[in-house]
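# what follows is a predicted protein model with its sequence.
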Amino acid sequence: MKTSVKSADRALDVFEAFSLRQRPLSLSEIAEAIGAPASSCHGLIRTLESRGYLYEAGRRLLYPTRRLHDVARAILAHDPVLERVEPELARLRDATRETVILGKRQDDGVVYLDVLEGLHTIRYSADPGEVKPLHSSAIGKAILGALPQDELEGLLQQLDLPRVTKHTLTTANRLAKDIAAGRKRGYFVTHGENVADVMAVSTSLALNDEPYGIAIAGPIQRMEPMLTEHGARLAKIRKALAEATSP
C-alpha cells in the first residue's frame, strides 16, 4: 500500500515542474504546476531558497541552483548497488546495443534504478525513477518469478492487473502461465505489454539478499530475432554478478 507525505510530495513536485518546463518560474506558476494554493506554496519556496536549492533568477522568477545536482551526484557516486553492477550493465548494453535497465520492486510496481540507453537511433527510452507495473514489465515478471510458488500465487490473487496496452496480461491465470514459461526457459519476456511496440527480456538476481531485475529492451522487430541470444547474455551476467558478490 502506497503512502505519502504531502510536504515531501510537493517539494519533489517543485523540482519536477522545473524539469518539465525548463525555464524560471514565478510563485504562481509553481503553485499551479504542483496543484497547491499560492499561500501554502510560499512557505515551501522560502524553505527551498533558505536551504540553497532555489534562487531568484529574475524579477519574481525562481530557478533551482546546482545544489540539487551536486547532492544527487554525490549520492549516486556511492550507490552500493550501482557501483557493483554498472560495469556489467555497460558491457551488456555495448554488446546488445539495446537499452539495459536495472530495477527493483516497489510496492506493486518496479522502480527503475539505472537506465543505460541503447546505441541505436531508434531505441527504448526511459528515466531512472520511473515506476512500471509488476505485471506488464519484464523486470516485474522476473521478480515475480523469483518468489516462492505459494507466495506468488497469493500475490497474483491480490494484484490489480490493469490493461496498459492491448497486449497486457490482465488475468491472474494468464500471468501465472507466462511466469511459469519464463521460469522454464530461464528468462522473462514482455511483448508489447507495457509499451506497444517494445519487447523486453529480463532476469532476476539477488544483491544483499534483495531481489533485483535486469532487462534488455528495444523495438519488437529488432528484439524478436535476438531473443534467445539476449536470454543467454542475461544468464551470463547473472552468473558473473553472483560470483562477484558471493562471500
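Good, I have the coordinates.
# most centrally placed residue in this protein?
Nearest residue to the geometric centre of the chain (CA atoms, centre = their mean): Y112, 1.7 Å.
# can you list the domains in this structure?
For the chain, automatic domain parsing gives the domain ranges 6-70, 79-245.
# next SSE after the one helix or strand S39 maps to?
In the assignment (DSSP states H and E), S39 maps to helix 38-50. Going down the chain from helix 38-50, the next helix or strand is strand 54-58, by DSSP H and E.
# residues making contact with that following strand?
Contacts to strand 54-58, defined as CB atoms under 8 Å, 6 or more residues apart in numbering, come from residues 14, 24, 45, 48-49, 62-65. (Glycine included, C-beta is placed from N, CA and C.)
# cutoff 6 Å now
24, 48, 62-65 (CB atoms under 6 Å, 6 or more residues apart in numbering).
# same check on stretch 5-13?
Contacts for stretch 5-13 (CB under 6 Å, 6+ apart): 34, 36, 44.
# from the residues you listed, pick the one nearest A172.
I34 (36.9 Å; CB to CB).
# which residues touch the closest one?
Neighbour list for I34: 10, 13 [criterion: CB under 6 Å, 6+ apart].
# now it. Its backbone dihedrals?
phi -100, psi 0 (degrees, to the nearest 10).
# what pLDDT does it get?
Per-residue confidence (pLDDT) for I34: 91.
# next one: R73
pLDDT at R73 comes out at 79.
# hmm, who's touching stretch 137-146?
Here stretch 137-146 has contacts from 103, 105, 110, 134, 179, 182-183, 188, 190, 194, 200, 202-204, 211, 213, 215, using CB under 6 Å, 6+ apart.
# just to revisit the earlier point, just give me how far the helix or strand hosting the residue nearest to the centre of the chain sits from the chain centre.
If you go by DSSP H and E, Y112 is part of strand 109-116. Centroid separation for strand 109-116 versus its chain: 2 Å, with CA atoms, centre = their mean, to the nearest Å.
# any idea of the mean pLDDT for that strand?
Strand 109-116 comes out at a mean pLDDT of 93.
# show me what counts as buried in that strand.
109-116 (16 or more other CB atoms under 10 Å).
# quick one: residues contacting Y212.
104, 205 are the contacts of Y212 under CB under 6 Å, 6+ apart.
# and it, how close does it get to Y112?
Counting by CB to CB, to the nearest Å, the separation of Y212 from Y112 is 11 Å.
# returning to that earlier point: most tightly packed of the domains of the chain?
Burial of the domains of the chain is given as mean neighbour count (mean count of other CB atoms under 10 Å); domain 79-245 ranks first at a mean of 18.
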